[in-house]
Structure formats: C-alpha cells, structure tokens
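S.K.: I need the structure of the sequence given here:
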Amino acid sequence: EDAGWVLANLDKDVKLGIISDGYLVAQQQKVLALNLADAFHAIVLTDALGRDHWKPSPLPYETFSKQTGIPHFQCLYIGDNAAKDFVTAKRLGWTTVQISREQGIYAAVQAETSHQAHYQIGDLKELAGLPALAHLFKKEVKAVHG
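M.R.: Sure, this is the predicted structure:
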C-alpha cells in the first residue's frame, strides 16, 4: 500500500529503478507478475550480470546510473537489508534509506555503523517528510507531509 502511494505521489520527473538480487528467472517472473517494467526507468537484475555481481558489487549501481543518466550523487537507494543494501550505495555517494518493517525478513539484520543507511523509516510514506527528499514529491504532498 505505501509503495503504491509513493509511486502515485512522486514528482513526474523522478526516474525510478530497481536493483534486485536473486536467481534471474525468479526475478524476471516477479517483474512480469507485478507489471513493473512500465513503471520503472531501469531494472537491474543482478544475476544477469553474474553471481559475483550481486549486491554489494558496484556493477549494479553503475549500471543503474548509466541506464538512467543520473550521476551517483543524485541517486537514492531504498532497501531493507542493512547487511548489503547500503554498503556500495553509500560508497558511491548515493543517499540511502532503510525501510524497517517489524515483520520484515531482514528486521533483525544489523550493519556496521559505516554501512548503515542515512535514514531509517517504518513506512514508505515517511519519505515525503524527510527534508532531504521532500523535493521528490508533488507540491501538494510536500505541504501535507513536509
């Protein structure tokens, strides 16, 4: 529900992407089943790059940056696995946000301090209230949640 809200309320100029680990066929099936191809500007399935390029390899992040034309310092990475999602994104200068859901599969995973996300949220709607990210949302949403 919160992901749908974010997609509906992002500014129209925001480019979206997915970087996903997992076996290629399974990840491709998820993309098809959820009809994600039309909603995202870049979908990087790391298994297509080779097993040694699963996160935290820099190649998926570099691939996303090249496919979208967005420099690293303007990229935002939202993930839930503190052990691997933010390591490379932070090293490349991306802003990072950890979504920490109580029942999430990675809820108990801890990361070294240097690998922790810049922000932690419990619901994706909280993105609109983060001052560093409010500009990504439509003006009327910023006024309500900012």
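S.K.: just the strands in the protein please.
M.R.: 17-20, 42-45, 76-79, 95-99, 119-121 (DSSP state E).
S.K.: who's the closest spatial neighbour of the residue nearest the centre of the chain, skipping the chain neighbours?
M.R.: Among the residues of the chain, the one closest to the centroid is residue 78, at 3.1 Å (CA atoms, centre = their mean). In space, and not counting its chain neighbours, residue 78 is closest to residue 97: 4.7 Å by CB to CB, 6 or more residues apart in numbering. Every C-beta, even on glycine, is put in place using the N, C-alpha and C of the backbone.
S.K.: spit out the contact partners of that neighbour.
M.R.: Counting by CB atoms under 8 Å, 6 or more residues apart in numbering, residue 97 touches 76, 77, 78, 79, 117, 118, 119, 120, 121, 127, 130, 133.
S.K.: for it, list each beta-bridge partner.
M.R.: Bridge pairing for residue 97 (DSSP bridges) gives the partners residue 78, residue 119.
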